[in-house]
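A.B. asks: Have a look at this prediction, sequence included:
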Amino acid sequence: MERYKANKTLVWMTFILVFGFSLALGLASSLTHPAQAAPAPVAAAQTSGYGGSDSCAGCHKDIHDTWSGTLHAKAYSSPIFQEDWVKQGTSNLCLECHTTGFDPASGKFFEEGVTCEACHGPLQPGHPKNPMPITPDASLCARCHKTTTDEWKASQHGQAGINCQSCHNPHSQQPKAASINELCGNCHKDTGSSFTHGTHSNAGLQCSDCHMATSSHTSSTGGLFATGHTFSVGSEACINCHKDTVHTRDTIVKLSGGSAAENVATMEELQQKVQTDEQTIQTLEAQSNVRLYTGLIQGAIVGLITGGAAAWIVSRRIRFVEVDEDGQ
């Protein structure tokens, strides 16, 4: 009994010592590294090497005027971005794509939004004699539009090497055609001959309504969300329009021109099927009962044999211990 009490005391002393050491360590860490509020990002000084979007407007006024009304120009000031940014704790990581000339080390940036120099780089000394460098392929867009670029890589467009600039005007951010259907029709000229494409086209739908159907950005995580650039048509594309009729057979039959009476089972056929199913159920229940009883019998036999062997071994062990304690 005394030995049991000593062991119990030792266990409690060990717990108290470890718990107290952990508390002391946590207190020391908090005193050494006190919590600090993250500094709000501010614009960088004019010595950063950037000239600013206004400096480009002197020669490229038409492009500057077109750009000034785009989402790129409002990438920082947009109310949607500001709301999401605040929800995520005004993380500096967001500013890498929503500002120009962002410096991760200092948390400063040169200009709000995605300006000319965000893609073309800082103003080159001696420009326009020295041209502004740019990489006119998907790698340029992928620096910020990673989700979209990953989708594009998985699409047939990506496998065929059809880059972002093949469809998008980078300055206006508009398609390079008067409409989406016209844009797609530059390459996909014979799609209207199929029933699916012809029916939806006659209803006034654009190719993107089905091939780029996505959820709202409100369900995104970290500002990243699907943009439909795999161009594949999933069930969500149908549900967006056919919420009430997607599972209604009559509507499908009507659209396909079939007869609602086709392939409808008679009452006799249904009754015969019910009888067949009932017989199958009875057979399965009988088989289940047989298996149950068989399992119980097998378990009882194994239990008797195993239990008897275990009882014999224990009895022999107890007898051996008793003999040893008597010194015989």
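C.D. replies: Looks like it arrived, so ask away. Residues are numbered from 1 along each chain as shown.

A.B. asks: Would you map the helices across the stretch 201-328 of the chain?
C.D. replies: In the stretch 201-328 of the chain, the helices defined using DSSP state H, counting those that start in this stretch lie at 207-211, 235-239, 249-256, 267-325.

A.B. asks: pLDDT (mean, whole number) over the third one?
C.D. replies: Okay, so that is helix 249-256. Mean pLDDT, helix 249-256: 57.

A.B. asks: So Ala57 versus Lys108, what's the distance?
C.D. replies: 24 Å (C-beta to C-beta, to the nearest Å). Yep, even glycine has a C-beta here, placed from its N, CA and C like the rest.

A.B. asks: Does Ala118 touch Glu96 like I think?
C.D. replies: No. The criterion here is C-beta atoms under 8 Å, and Ala118 misses it with Glu96 at 10.0 Å.

A.B. asks: Those two: which has the busier surroundings?
C.D. replies: Ranked by neighbour count (other C-beta atoms under 10 Å), Ala118 and Glu96 place Ala118 first, with 23 against 14.

A.B. asks: For the closest residue to that one other than its chain neighbours, give me its contacts.
C.D. replies: With sequence-adjacent residues excluded and distances taken as C-beta to C-beta, 6 or more residues apart in numbering, Ala118 is closest to Thr100, at 4.3 Å. Applying C-beta atoms under 8 Å, 6 or more residues apart in numbering, we find Thr100 in contact with 50, 53, 109-115, 117-118.

A.B. asks: Could you do Ala177 as well?
C.D. replies: Per C-beta under 8 Å, 6+ apart, neighbours of Ala177: 183, 186.

A.B. asks: tell me the contacts of Asp65?
C.D. replies: By C-beta under 8 Å, 6+ apart, the neighbours of Asp65 are Ala57.

A.B. asks: ugh, wrong one, I meant Cys241
C.D. replies: By C-beta under 8 Å, 6+ apart, the neighbours of Cys241 are Asp209.

A.B. asks: All further residue positions should be reported with the first residue as 57.
C.D. replies: I'll keep to 57 as the first residue from here, and by that count the last item is Cys297.

A.B. asks: separation between it and Gln338?
C.D. replies: Counting by C-beta to C-beta, the gap from Cys297 to Gln338 is 47 Å.

A.B. asks: Could you give me the buried positions within stretch 250-263?
C.D. replies: 253, 256, 262-263 (16 or more other C-beta atoms under 10 Å).

A.B. asks: no, scratch that, I was asking about stretch 163-180
C.D. replies: 164-176, 179.
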